[in-house]
Structures are given as structure tokens and as C-alpha cells.
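> coords below, sequence missing:
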């Protein structure tokens with residue numbers, strides 16, 4: 001079976017993120033927790049790296065919402081409020097959901113395929129004077145430079161001479177993914 005076009009994979013990820021983010025708190029927390037668990041098994045390296053870089057943001061959100069939101073005081077957590085901790089859980093679930101989806105996208109596609117998918121999704125902006133092409137070139141060069149810096153070499157300069165994005169044809173599975181994404185987005189907006 002042919003793999004999905006990178007744009008279809010990105011669109012499914014964004015659709016699921018928007019769908020899950022518009023749900024009520026219990027459903028959002030369940031979907032967020034499930035997504036983090038799935039990302040832990042599918043994309044452990046990327047998930048742990050992004051979580052380690054986001055740990056201060058996560059802690060800050062917990063403290064700001066949990067301890068600085070007025071509401072019913074909790075006797076076992078001095079200074080924390082019930083409403084604040086619920087608000088913190090809601091917002092942390094949204095952020096963890098986004099982190100899980102990004103880590104799975106990074107694990108599922110190499111950087112050139114990711115950039116190619118983003119370029120395809122930006123096709124409606126093609127009339128803006130090459131905006132999407134310039135964005136794609138800058139993004140791929142940035143990703144190559146980050147990868148070269150992580151490996152500790154100068155491969156980024158050599159990679160710029162052979163810059164290219166994969167061209168993936170759109171197949172029947174991509175149309176099914178587009179319908180699924182549209183359904184998720186419509187359900188998120190209409191409910």
C-alpha cells in the first residue's frame with residue numbers, strides 16, 4: 001500500500017488537534033493523555049526531547065493557572081484553587097496534545113517530506129509572489145542547519161548545494177484522508 005502524501009498526514013494531524021481541542025474538559029484530557037501515550041510508543045525520542053524543552057512552560061502554566069486563579073481553595077494544596085487546577089489541566093492537555101502530534105509528525109516524516117507537505121498545503125498562497133517557495137527553502141535550510149549542529153559537523157553547508165523536496169503523487173488514500181480531515185473539522189466547528 002502506498003504511503004499517504006505528507007500534506008495529508010499534516011492535515012490529519014492538524015484536524016485531530018483542532019477536533020480534540022474543541023472538546024469538553026474530560027474528553028480533551030482523555031484524548032490528550034491518549035495522544036501522549038501513543039506518541040510515547042510511536043515517537044518516544046521526539047516526544048521526550050520536546051517535553052524536556054517545554055518543561056518550564058508546562059510548569060509555569062500549572063502554577064499560573066492552578067495557584068493564581070481565584071476560586072474554591074483546596075485544603076491539601078495551600079494556595080491552589082479547584083477552578084485553577086481544572087483550568088490548568090484543560091490548558092496543559094491542549095499543549096500536551098499539540099506536543100504529541102508534532103512529535104508523531106516529526107517521527108513519521110523526514111524533514112524534506114515535512115517541508116514538502118507544508119509547501120503543498122500552502123498552494124493556495126502560490127499567487128503571493130513565491131511566498132510558499134521561499135518559506136519552504138528557508139525551512140529546509142533551517143532544518144538541515146539544526147540537524148548539522150546537532151551532529152556537530154559542517155554538513156549543512158554541503159546540503160545546501162543539493163537542496164530538493166520530494167515529489168509525492170496524490171493517491172486515492174489521500175482523498176480519503178482529506179474527507180476524514182474535513183469531517184473532523186466540520187464536527188469540531190459544528191458541535
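Alright, I've got the coordinates. A quick note: this is a predicted structure, and the numbers were derived from the prediction, not measured. Numbers count the residues shown, from 1 in each chain.

> So which residue of the chain lies furthest out from the middle?
Going by C-alpha atoms, centre = their mean, the residue of the chain most distant from its centre is residue 75, 36.9 Å out.

> Am I right that that residue falls within a helix?
No: using DSSP: H, G, I helix; E, B strand; the rest coil, the secondary structure at residue 75 is coil, not a helix.

> what residue ranges in this structure score low on pLDDT?
Applying pLDDT under 70 to the chain flags the ranges 1-2, 153-166.

> For the top helix by length along it, list every residue counted as buried.
When the chain is parsed with DSSP state H, its longest helix is helix 82-108. Within helix 82-108, the residues that qualify as buried are 84-94, 96-106, 108, counting by 16 or more other C-beta atoms under 10 Å. For the C-beta atoms, the positions are set from N, CA and C on the backbone; glycine is no exception.

> ok so, going back, separation between the residue farthest from the centre of the chain and residue 82?
The gap separating residue 75 from residue 82 is 11 Å, by C-beta to C-beta, to the nearest Å.

> now swap in residue 59 and tell me
Between residue 59 and residue 82 the computed distance is 20 Å (C-beta to C-beta).

> what does residue 179 give?
Going from residue 179 to residue 82 by C-beta to C-beta gives 42 Å.

> And residue 92, by the same measure?
Counting by C-beta to C-beta - residue 92 and residue 82 are separated by 16 Å.

> Repeat that for residue 173.
Going from residue 173 to residue 82 by C-beta to C-beta gives 46 Å.

> what's the answer for residue 73, then?
Distance from residue 73 to residue 82, by C-beta to C-beta: 8 Å.

> same check, this time on residue 53
Taken as C-beta to C-beta, the span from residue 53 to residue 82 is 30 Å.
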